[in-house]
Each structure stands twice: as C-alpha cells, then as structure tokens.
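> With the input below, show me the fold.
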Amino acid sequence: MENPVVKVKNLTLKHKNHTILNDVNFQVGAQEFVYLIGKTGSGKSSILRTLYADLPFEQGDIEVAGVDLKNIKPTDLHLLRRQLGIIFQDFQLFSDRNIYENLAFVMRATGWTDIIEIQKRIYNRLSLVGLEHSLYRYPLQLSGGEQQRIAIARALLNEPKVIFADEPTGNLDPSVADEILALFTRINQEGTAVLMATHNHSFLKKQPARVLYCEEGQVKDLDREFVIEKMSS
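Presented below is the predicted three-dimensional model:
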C-alpha cells in the first residue's frame, strides 16, 4: 500500500491480564474509506482509542499520520491530534457553550491564536456540513443529526489526514444515519481517509468500501460480500 496514513504492526492490547487484541496488523491508505466492524466487545473502540493515543499499548508498532505512537510524549499529543479528526457516537459537545464556542475551544487547544482565522475556519467548516447559520445556537437546540454534523465540522477544523469515527450514527434514526454516511462519503472523496467503526451493516451495501472485521482478538481483512452474508446469517 502506497502512503498509508495508518500503519499497525504486531499490536497486542491487554487490560488487567486479559488480551483484547493479539498480533494485529493492518494499514489504511491515504484517502481510503475503511469500515471496522465486529460484535460488541470485539475491540473496535479499543483500536480507535489506541490510534488516537488515548489508550496506551506495550507490544507492537503504530504510526498514524507519520507520527510514531510507541514513543510519543504527552507534550506532543497535540501535534498528533492536529492530524486527526475524531468523532464519537454521543457527539461530545459542551452543552453550556454555543456552537462557535465549542469549535473555537478545539482550535485554541490545537494551537490556533488568530481570532480572524479561527472565525473564518469555523464558518467554512460549518458551511461544509450545511449548518453555517447555527453558530450561536446551543447543542440542545439542535437535533441529533445536526449535533453529529457539528461534531463532523469540529473534526475537520484542522484539515485532518484521517478521520476516526466510533459508531457515529449509533444514536440516530436510519434516515438521518444515511445522511451522515453520505457526508462521510463526500469528505472521503475530497481526500480525507476515514476509518469508521459501525454496527450498521446496511452501510456496506449503500457505500461499498474495504472491511476490517474484529473477532476473537483478531482483525481480519474480509471480502465485503462475505461480511454482508455473514452478518445476515
């Protein structure tokens, strides 16, 4: 694979002497869309947390957006996070701050200081998700789908090389989930790699892409049609 944005080699994850994942190897190419699927507890979220350096690991090697995670220092985490977009199932927006304040907080935390540039970037990213007129609304004034669009705009603030999405449509109605998938697809087509953990297996039919399957501590590259049949049985 040329120019992988994620490289995982011989990764083993343990928690309290329990092995979550054993000898995991995979890559995600620049501008690639990849699904990460598997049963609850199979390790999908653990993989994503490890990739954005929220979960430490002792065995193996990981490189994300050119950054070696094995020896990364806490003081350098912000340099890694500027290369990534991270999206969660529960949106993780500050309910006591309006949308502008939510996004500005992230920009300041990742090193932005110019107020005018911050304002321009926030307006631009909200325009990409169709919510540029929601700058001064609060999260609880928005629907679940709108809140997730805000979370996606937040993830795009620093022009990330890759987006890690952990069950991004898990709390949304099916029709809204399809709209969010379409938005991820467009973002990917514009050049950003996407690694999405999901239980929504209908996505595999609606937006064909490579599939990584978590099962019994392993991560396997599987044929999409095989996975669809496996999930249906």
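> CA atoms for contacts and neighbours, from now on please.
Noted.
> Surely Ala65 and Gln27 touch.
No - Ala65 is beyond contact range of Gln27, at 11.5 Å (criterion: C-alpha atoms under 8 Å).
> ok, now how distant is the residue nearest to Val8 when sequence neighbours are not counted from Pro74?
Closest residue in space to Val8, ignoring its immediate chain neighbours: Ile62 at 4.6 Å, by C-alpha to C-alpha, 6 or more residues apart in numbering. Relative to Pro74, Ile62 is positioned 16 Å away (C-alpha to C-alpha, to the nearest Å).
> So the residue nearest the centre of the chain: helix, strand or coil?
By C-alpha atoms, centre = their mean, the mean C-alpha position of the chain lies nearest to Phe164, the distance being 1.6 Å. At Phe164, secondary structure determined by DSSP: H, G, I helix; E, B strand; the rest coil is strand.
> And the pLDDT at it?
At Phe164, the predicted lDDT confidence score is 97.
> Please work out which residues outside whichever strand or helix holds Glu117 touch it.
Assigned by DSSP states H and E, Glu117 falls within helix 115-128. Residues outside helix 115-128 that contact it (C-alpha atoms under 8 Å, 6 or more residues apart in numbering): 100, 103-104, 107, 112, 132, 135, 150, 153-154, 156-157.
> give me that answer again for 7 Å
103-104, 112, 132, 153, 156-157 (C-alpha atoms under 7 Å, 6 or more residues apart in numbering).
> coming back round to it: what residues are shared contacts of Ala65 and Gln27?
With C-alpha under 7 Å, 6+ apart as the test, Ala65 and Gln27 both reach Val6.
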